[in-house]
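> Next comes the sequence, and after it the predicted model I'd like to discuss.
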Amino acid sequence: MKYAILGDIHANLEALVAVRKDALEQGATHFACVGDIVGYNANPVECVDIVREMNCVTVRGNHDHYCSGTDELTGFHPLAADVVNWTRSQLRPDQLEYLRSLKYVLPVQSFTLVHSTLDNPEMWGYVFDKLEADANFNYQYTSVCFFGHTHVPLAFEKTFDVKFGLYEKIKITLGRKYFINVGSVGQPRDRDPRSAYVLFDTQRGEVTLRRLAYDVQKTQRRIREAGLPAALAERLADGR
Ligand code: ZN
């Protein structure tokens, strides 16, 4: 089986359509998502519909959680809170219901999906270093777990110690554990504005990071037309 693993789509329609097309051309047979379908960009309705049409198994991201809930947005960056309120007003009732039904952690075939970390998924912690990854590995029961949230494609490998770094291809070795960030489809933050996602060939045990350009200007135009904060459009061109 060849899985395309997407994450942090964030209502970016142009990026999602480009990634779906590329994944199918690359021979992807299944789709999975590490959460945050909505938030930040201007097409949450279309993106939720596409993810569901693709039969894409998905876990809950913090933006999916807040955009489909009624929680107070305390501690939110004002820009992010604006978009959460706007997104709540856009989504259809069946879409809100769908987002509320998403689990925090999901085992899929031989691997696991989580948005933030397995040790405390509802706390939405960010994994950037060895210590944070090690806490996660204590709760990881499959060899491979894919995650998102940081929008930076970093991979952690646990043998005796934890090694980590950016990656292009990973060959899975039996007996080791891997915690792999798939990067962001809709708002990359590693100074590379191209969309990121992962192909996972389960037979060959091979993980490949894909990067591809999409129509950033069109996405920016949609953000401005929707009246969302201009900073959200600007950051897309810089990949931050
Ligand atoms: Zn996100």
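That came in fine, so what should we check first?
> and the gap between the residue lying farthest from the centre of the chain and the ion?
Centroid-distance maximum for the chain: F160 at 28.3 Å, with Cα atoms, centre = their mean. Per Cβ to the ion, to the nearest Å, F160 is found 32 Å from the ion. No exception for glycine: its C-beta is placed from N, CA and C like everyone else's.
> Confirm that residue sits in a helix?
No: per DSSP: H, G, I helix; E, B strand; the rest coil, F160 lies outside any helix segment and is coil.
> got a list of what E132 touches?
By Cβ atoms under 8 Å, 6 or more residues apart in numbering, E132 lies in contact with T117, G125, Y126.
> From those, keep the buried residues only.
Among these, those classed as buried by 16 or more other Cβ atoms under 10 Å are T117.
> I'd like the contacts of E132 as TSV, with distance to the ion, secondary structure and pLDDT appended.
As requested, those are exported to TSV (distance: Cβ to the ion, whole Å; DSSP: H, G, I helix; E, B strand; the rest coil; pLDDT from 0 to 100):
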residue	distance to the ion	secondary structure	pLDDT
T117	14	coil	98
G125	13	coil	95
Y126	10	coil	95
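> what's D238 in contact with, if anything?
Contacts of D238 by Cβ under 8 Å, 6+ apart are R191, P193.
> Show residues contacting the one helix or strand in the chain whose mean pLDDT sits lowest.
The least trusted helix or strand in the chain, going by mean pLDDT, DSSP states H and E, turns out to be helix 78-90, with a mean of 90. With Cβ under 8 Å, 6+ apart as the test, helix 78-90 has contacts from 11, 38-40, 44-45, 63, 66-68, 73, 76, 96, 226-229, 231-232.
> gap between that helix and the chain center?
Counting by Cα atoms, centre = their mean, to the nearest Å, helix 78-90 is centred 19 Å from the centre of its parent chain.
> Over to stretch 108-115?
13 Å.
> With only the CA atoms kept, save that stretch in CSV.
The C-alpha trace of stretch 108-115 is given here as CSV (Å, rounded to 0.1, in the frame of the first residue of the first chain):
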residue,chain,number,x,y,z
VAL,A,108,-4.0,2.9,11.0
GLN,A,109,-2.7,-0.4,9.6
SER,A,110,0.9,-0.6,10.9
PHE,A,111,1.3,3.0,11.9
THR,A,112,-0.2,5.7,14.2
LEU,A,113,-1.5,9.2,13.5
VAL,A,114,-1.4,12.1,16.1
HIS,A,115,-1.5,15.9,15.6
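> where do the helices sit along the chain?
Assigned by DSSP state H, the helices in the chain fall at 13-25, 44-53, 62-67, 78-90, 93-100, 130-137, 216-225, 230-238.
> Among these, show the one with the smallest mean pLDDT.
Within the helices of the chain, the stretch with the lowest mean pLDDT is helix 78-90, showing a mean of 90.
> how about the least confident helix or strand of the chain against the ion, any contact?
No: Helix 78-90 does not reach the ion (Cβ under 5 Å from the ion); its nearest approach is 9.8 Å.
> tilt between that helix and helix 230-238?
With axes from the mean of the first three to the mean of the last three Cα atoms, to 10 degrees defining the directions, helix 78-90 sits at 100 degrees from helix 230-238.
> returning to what we had before: with respect to burial, which of the helices of the chain scores highest?
Highest mean neighbour count of those: helix 62-67, a mean of 24 (counted as mean count of other Cβ atoms under 10 Å).
> how distant is that helix from the center of its chain?
In terms of Cα atoms, centre = their mean, the centre of helix 62-67 is found 13 Å from the chain centre.
> Nearest to G183, out of the helices of the chain?
helix 13-25 (10.5 Å; Cβ to Cβ).
> Might you report the residue contacts of N12?
Neighbours of N12 in contact, by Cβ under 8 Å, 6+ apart: Y40, N41, N43, C47, V185, G186, Q187, Y214, T219, L236.
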